[in-house]
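Chemist: next come a sequence and a model predicted from it.
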Amino acid sequence: MQAPPFSNKINLWQLAEKRGRLDGELALAALPRLGALNRAEGAVEIALATGVDERGVRFIRGQLKAQVELVCQRCLGPLPLRLAVPVSLGLIRAEAEAAGLPEAYDPLLVADEGARVADWVEDELLLALPQIPRHEDRRDCEANGYRAPGDEASRAERRRPFAGLASLLSDSKRSA
Ligand SMILES: [Zn+2]
C-alpha cells in the first residue's frame, strides 16, 4: 500500500476504521516550527499503526525517529540528538472528549475531514525535545570552548558576556 503524502490532509478517522498504517519519511525541512530549533537536514521516519481498540477509541500508535541537531544552551555548540518518540494518540473530535480517553492515550483533536500528519508529527517531536538542550557531558561543551563559571547554577552561564574580554585579558598578560 502506498503511503499517503504526509503534508496533505488525511482522513484519520477513516484510516483508523480500516486499520491503515502511516509509514514513510517526512523531510525535516517540511516542519517549520521544528526548523526554528533544528539545524539538521534529513527526515522523520514514521512508523505508525492505526485502529479501533476494544473500547471503540480510534488510535494511532507507533514510533517516530529523527536525527536532529539543536544548539547547546551551555556552550552554544551543535548538539546532535537522536529522537525515538513513542506515539500513542487517541482521536477526539472536541476538546471535551479528552477527559474520556483511557490514560494510555494522548488526545489528538482531529476534524471530520482529517488532519495533516505533518502538523501533529511536528507537535510530537517538539514535545520530545529537552526543555533546555545541553550536552550531557560537560567535556563536550569544553571542547567547544566553554569554560565553567564558578557558580554552576548561574543562570547567566549560557550568555558568557565576558568570555571575549577574558581571553583578551589573558592575551595581554601573556604579552606583558
Ligand atoms: Zn554544550
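Modeler: Yes, it's here. Numbers count the residues shown, from 1 in each chain.
Chemist: and this protein, which residues reach the ion?
Modeler: Contacts of the chain with the ion, taken as CB under 5 Å from the ion, map to 72, 74-75, 135, 141. Where you see a C-beta, it was placed from the backbone N, CA and C, and this is true even at glycine.
Chemist: quick one: low-confidence parts of the protein?
Modeler: The chain contains residues with pLDDT under 70 at 1-4, 150-176.
Chemist: swap the cut-off to 50 and go again
Modeler: In the predicted model of the chain, residues 1, 151, 154, 157, 161-162, 164-166, 168-170, 172-176 satisfy pLDDT under 50.
Chemist: all helices of the chain, in order?
Modeler: 12-17, 32-35, 117-128, 138-143, 163-175 (DSSP state H).
Chemist: could you check the third one and say which residues are buried?
Modeler: In other words, helix 117-128. 117-118, 120-125, 128 (16 or more other CB atoms under 10 Å).
Chemist: would you confirm that Asp23 contacts Val44?
Modeler: No. If you go by CB atoms under 8 Å, Asp23 and Val44 don't touch, sitting 11.7 Å apart.
Chemist: contacts only, for the spatially most central residue of the chain.
Modeler: The centroid of the chain falls nearest to Leu125 when counting by CA atoms, centre = their mean (2.7 Å). Listed by CB atoms under 8 Å, 6 or more residues apart in numbering, the contact partners of Leu125 are 31, 34, 44, 64, 66, 68, 83, 85.
Chemist: for the ion, see how far away the fourth one is.
Modeler: It stands for Leu64. 25 Å (CB to the ion, to the nearest Å).
Chemist: that residue contacts Arg82, doesn't it?
Modeler: No. Contact between Leu64 and Arg82 fails when scored by CB under 8 Å: they sit 11.6 Å apart.
Chemist: more neighbours, those two?
Modeler: Leu64 (20 against 8; other CB atoms under 10 Å).
Chemist: would you mind measuring from that one to Ser88?
Modeler: 12 Å (CB to CB, to the nearest Å).
Chemist: one more: Val110?
Modeler: Counting by CB to CB - Val110 and Ser88 are separated by 15 Å.
Chemist: same question, Ala115
Modeler: Counting by CB to CB - Ala115 and Ser88 are separated by 17 Å.
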